[in-house]
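In: Generate a structure from the sequence data that follows.
(3 chains)
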Amino acid sequence: MPELPEVETIRRGLEPVLVGQRIQRVEQRRADLRFPFPENFGKRLTNRTVVSLQRRAKYMLAHLDDGTVLIIHLGMSGRISIVGQGQLGQFTHNQGNRDTHDHVVLRLASGTEIVYNDPRRFGLMDLTTAAALGTHPLLASIGIEPLGPGLTPEYLARQAAGRRSDLKSFLLDQRIIAGLGNIYVCEALFRTRLKPSRAAACLATATGKPNARAAALIPHIKDVLNDAIAAGGSTIKDYTQADGSLGYFQHSFHVYGRAGEPCLTPACRGMVRRTVQAGRSTFFCPVCQR
DNA sequence: ATTGAGTCCTGAAGGC
DNA sequence: TGCCTTCAGGACTCAA
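Out: Take a look at the predicted model:
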């Protein structure tokens, strides 16, 4: 389920358990995920201490004490569990009891295990260094953070001007905004009352300047992401998951997954519709999104 | 340079 | 119960 808010929620849940800890043992249970693991993957992590855990787009970046950076992407189905002593001190489930899709287990000096599980294996892990992070092939050409200061009406308009793609594909393009996924693009466009099939160029004037649509879209993108992070954060805080899984919280979406159901805009009589754009499901209200 | 289609992989859900 | 099809929160690679 991971989009940016899920990754950020997982990062926040993992941070207090992982940062400052020495990785005592690495259990790598297969040779590849989406890509092969780098050479000596386990060896390079073993006995290293995690100094910080950051997020860039949908990537988690664990900085280690020797300058190594562990890059983790969860793909479509990646999940991370904290097994052992949870944040409230209770043991959550038996260690050593591995699932078929538990691909990597990091055993920490504290005795806690960080378990990476990914049935579809669209996720990945790689190693680089802090110095080389900016030129890493996966990170070098991705766009701005949607929650960062770079997302401005001017930026959106500059990127959108002259494009022939539709709004939905434009916002999903990680080279423009890095971290928006299918759900939150649908939700942000709903909040902005913009039809996903509209041309991306509708965010700019003829001279490439931002217009009212670009200005309106930005706070909706930020709000929908921040709302989801806030919802996830409370779940982590309460630590309600019996198995220690992170990022399983429920969201209430306005359009995503609601095809055939009534639009939630007050007084709107529309029905949420599902279409396909760029091979991905799009959900929108044809009445109030124009 | 952009854009769209195909691709990786497993599991859940729904139809018959 | 079982077999089949469709769909899934991502994003790389390649062809046009």
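In: Next to DNA strand B, which bits of chain A? Give me the list.
Out: With Cβ under 7 Å from any atom of the strand as the criterion, chain A meets DNA strand B at residues A:34, A:77, A:100-101, A:119-122, A:163-166, A:169, A:278-279. Every C-beta, even on glycine, is put in place using the N, C-alpha and C of the backbone.
In: Let's see that with 10 Å instead.
Out: Within chain A, the positions near DNA strand B by Cβ under 10 Å from any atom of the strand are A:30, A:32-34, A:75-77, A:99-101, A:118-122, A:159-166, A:168-170, A:172-173, A:175-176, A:199-201, A:276-280.
In: mind listing the strands for chain A?
Out: A:23-28, A:50-56, A:59-64, A:68-73, A:79-83, A:102-108, A:113-117, A:124-129, A:273-277, A:280-284 (DSSP state E).
In: For the first one, buried residues please.
Out: When you say that, I think you mean strand A:23-28. A:23, A:26-28 (16 or more other Cβ atoms under 10 Å).
In: Now do the helices in the stretch 101-250 of chain A.
Out: A:153-160, A:167-172, A:182-192, A:212-238 (DSSP state H, counting those that start in this stretch).
In: mind checking which helix or strand of chain A has the lowest mean pLDDT?
Out: Least confident helix or strand of chain A, by mean pLDDT, DSSP states H and E, is helix A:212-238 with a mean of 83.
In: Out of the strands of chain A, which one sits most buried?
Out: strand A:79-83 (a mean of 24; mean count of other Cβ atoms under 10 Å).
In: What angle do strand A:102-108 and that strand make with each other?
Out: Strand A:79-83 and strand A:102-108 are oriented at 40 degrees to each other (axes from the mean of the first three to the mean of the last three Cα atoms, to 10 degrees).
In: So what's the gap between strand A:79-83 and the chain middle?
Out: Distance of strand A:79-83 from the chain centroid (Cα atoms, centre = their mean, to the nearest Å) equals 16 Å.
In: What mean pLDDT does that strand get?
Out: Across strand A:79-83, pLDDT averages out at 88.
In: From the contact counts, what lies against that strand?
Out: Using 3 or more Cβ pairs under 8 Å, 6 or more residues apart in numbering; DSSP states H and E, the elements in contact with strand A:79-83 are helix A:4-18, strand A:113-117.
In: Any idea which of those gets closest to A:A140?
Out: For the helices and strands packed on strand A:79-83, proximity to A:A140 was assessed by Cβ to Cβ; helix A:4-18 is nearest, at 19.0 Å.
In: In the closest one, which residues are buried?
Out: For helix A:4-18, the neighbour count (16+ other Cβ under 10 Å) marks A:4-14, A:17-18 as buried.
In: Can you get me a residue count around the residue lying closest to A:L156 once chain neighbours are set aside?
Out: Nearest residue to A:L156, sequence neighbours excluded (Cβ to Cβ, 6 or more residues apart in numbering): A:A214, at 4.6 Å. Neighbours of A:A214 under the rule other Cβ atoms under 10 Å: 23.
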